[in-house]
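>>> could you look at this predicted model? Sequence included:
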Amino acid sequence: ESPRGIYYSALFTPGGDRICAVDMSGVIHEWDVATGREVQKIQTRSPGYKTIGRGELAISPDGKMLAVANRGEIGFWNRGGATDAGTIRWQDHEFSSISYSPDGRFIAAGCYDSGEVRVWETSNFEVALTVMGASDGIVGVVFSPSGDELVIPDRDDTAVSVWHLKSKRRRAVLKGHPLIAGPFRFAPSGKTLACAGSELIRIWKYPAAEIEKTIQQPNVFTRCLEFSPDGHVLITAGRDINFETPEQQHAIRLIEIENGGEVGRFESHTNSVNSISLSSDGLHLVTSAHDGKVQLWKFEQHTVSQE
């Protein structure tokens, strides 16, 4: 549990044997999955700093670098040795999402306050792309499996746009998202894109940009989602809109994509769930939430049980 009360991001390292999470005070915690023991702490802000805002975290594809989006900057840290590897400063924006490209050459970030999205080269921190996204703010950015394109909420606020990095042009607009906010996830096949919005999830064919399915989620604001390793089930979580007291639990749901039906749920967090991450072998799930907890789960045959 976090002494600061909130974990915004918790992720498996690429090997699946460690979990990294960042708390509100800017401390990155790293735990060993097998033992549950905390093996490393990295203080990304000076002691006594009260909050870093949303505290978004990304891990490079090779597992060697950690990126933390603080208010107005993205700090980079070497996992081995916990040394400072540089900083990207971007005015005083409130970051709401960061994502590495699959090859690690780029990192993208979206701003919750301005709706702006930028992509930087990780080798020199030079800006490779700047675009305007949703006017209500960016909650999700994700690279395509090839790394050639970036998916963000579109500036008309009811659509998702696909940007080609090399040409710096918007290739496609996926329309029909009331109150779109993200997040976005590609299926393991790379041929399907899931886009979450308030009370619904759209499943799109990629790169064709055609709607394949709409999944209704009444009274649920989806903040995070993952595909199962076989691509048949979505794991979703967020904030239940009709909950009136913080003591009520916020469910993590398993949804079968073929029929849109819920095939399972598990409840443990007592406040908004902020992140879901699946291990590389598909056998474990980690969640983080506003209740200050990072929780590890077993994920087998589309069922979930707590470790």
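All right, it came through fine. Keep in mind that this is a model prediction, so the values were computed, not measured.

>>> any low-confidence regions in the protein?
For the chain, the stretches with pLDDT under 70 are 1-5, 45-55, 92, 134-139, 156-157, 177-182, 241-249, 301, 304, 306-307.

>>> so where's the longest strand in it?
Ranked by residue count, the top strand of the chain under DSSP state E comes out as strand 210-227.

>>> distance from the chain centre to that strand, please.
The chain centre lies 15 Å from the centre of strand 210-227; the measure is C-alpha atoms, centre = their mean, to the nearest Å.

>>> would you mark the buried spots in the helix or strand just after that strand?
Counting by DSSP states H and E, the next helix or strand C-terminal to strand 210-227 is strand 233-240. Burial within strand 233-240, assessed by neighbour count using 16 or more other C-beta atoms under 10 Å, is assigned to 233-240. Every C-beta, even on glycine, is put in place using the N, C-alpha and C of the backbone.

>>> likewise for stretch 128-135?
128-129, 131, 133-134.

>>> can I get that stretch in PDB, CA atoms only?
Only the C-alpha atoms of stretch 128-135 are listed here, as PDB (Å, rounded to 0.1, in the frame of the first residue of the first chain):
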ATOM      1  CA  ALA A 128       9.100  14.300 -33.700                       C
ATOM      2  CA  LEU A 129       5.400  15.100 -33.800                       C
ATOM      3  CA  THR A 130       3.000  17.600 -32.200                       C
ATOM      4  CA  VAL A 131      -0.800  17.400 -32.800                       C
ATOM      5  CA  MET A 132      -3.900  18.600 -31.100                       C
ATOM      6  CA  GLY A 133      -6.200  15.900 -29.800                       C
ATOM      7  CA  ALA A 134      -9.500  16.100 -27.800                       C
ATOM      8  CA  SER A 135     -10.400  19.500 -26.400                       C
END
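
>>> list the contacts for Gly63?
13-15, 79 (C-beta atoms under 8 Å, 6 or more residues apart in numbering).

>>> and for Ser60?
66-67, 100, 104, 122.

>>> which one of these is nearest to Val160?
Tyr100 (19.9 Å; C-beta to C-beta).

>>> what about the closest one, how many residues nearby?
For Tyr100, the number of neighbouring residues by other C-beta atoms under 10 Å comes to 20.
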